[in-house]
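Student: sequence first, then the predicted structure, then my questions.
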Amino acid sequence: QVLLEESGGGLVQPGGSLRLSCTGSGRPFPNYAMGWFRQAPGKDREYVAAIIASGTNTFYADSVKGRFAISRDNAKNTLYLQMNSLKPEDTAVYYCNADATVRDVLSGAADYWGRGTQVTVSS
């Protein structure tokens, strides 16, 4: 069992930045690939970014490429999502997930999910 908890969401103006964190507990954090998904009101949950267990490879949805950066600190059991140049369409609840395979993280079939943190981009 891996427990995940997101933090760092909030209200930000268009063009602004936020950094989300996801802290893990339970089974060894470095064993898992991890990712971020988001869900806007009335829409399906969508993939945002993913990172392999070692942190050496990262993946991004086209909609956030060049603006968001995923990273992890395995010594702190923490996953990050740095979000820059935020747009109103980035408004959503953001979830982190974890799984033994990056394939399942990317597809949304990950075994473990956090409860989400709200990000609102508005002037």
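Tutor: Received it, and whenever you're ready, just let me know what you need. Numbering: from 1, shown residues only.

Student: nearest residue to N77 in space, please, no chain neighbours.
Tutor: Closest residue to N77 apart from its sequence neighbours, by CB to CB, 6 or more residues apart in numbering: F29 at 4.2 Å. Quick note: C-beta positions are derived from backbone N, CA and C, even for glycine.

Student: try A49
Tutor: Using CB to CB, 6+ apart, the nearest residue to A49 is I70, at 4.0 Å.

Student: same deal with S107?
Tutor: Y47 (8.0 Å).

Student: you'd agree V2 is up against T23?
Tutor: No. The criterion here is CB atoms under 8 Å, and V2 misses it with T23 at 10.9 Å.

Student: next, show the common contact partners of the two.
Tutor: Common contact partners of V2 and T23 (CB atoms under 8 Å, 6 or more residues apart in numbering): none.

Student: more neighbours: which of those two?
Tutor: V2 (21 against 16; other CB atoms under 10 Å).

Student: name the residues linked to A69 by a beta bridge.
Tutor: A69 has the following beta-bridge partners by DSSP bridges: Q82.

Student: give me the three-state assignment for D104.
Tutor: helix (DSSP: H, G, I helix; E, B strand; the rest coil).

Student: again but with E89, I slipped
Tutor: Going by three-state DSSP: E89 is helix.

Student: number of residues surrounding it?
Tutor: 10.

Student: ok, now which ones touch it?
Tutor: 40, 63, 121.

Student: so what's L4 closest to, chain neighbours aside?
Tutor: G114 (3.7 Å).

Student: confidence score at the one you found?
Tutor: As predicted, G114 sits at a pLDDT of 96.

Student: tell me how many other residues crowd it.
Tutor: Neighbours of G114 using other CB under 10 Å come to 22.

Student: that one contacts E6, doesn't it?
Tutor: Yes. Using CB under 8 Å, G114 is in contact with E6, at 4.6 Å.
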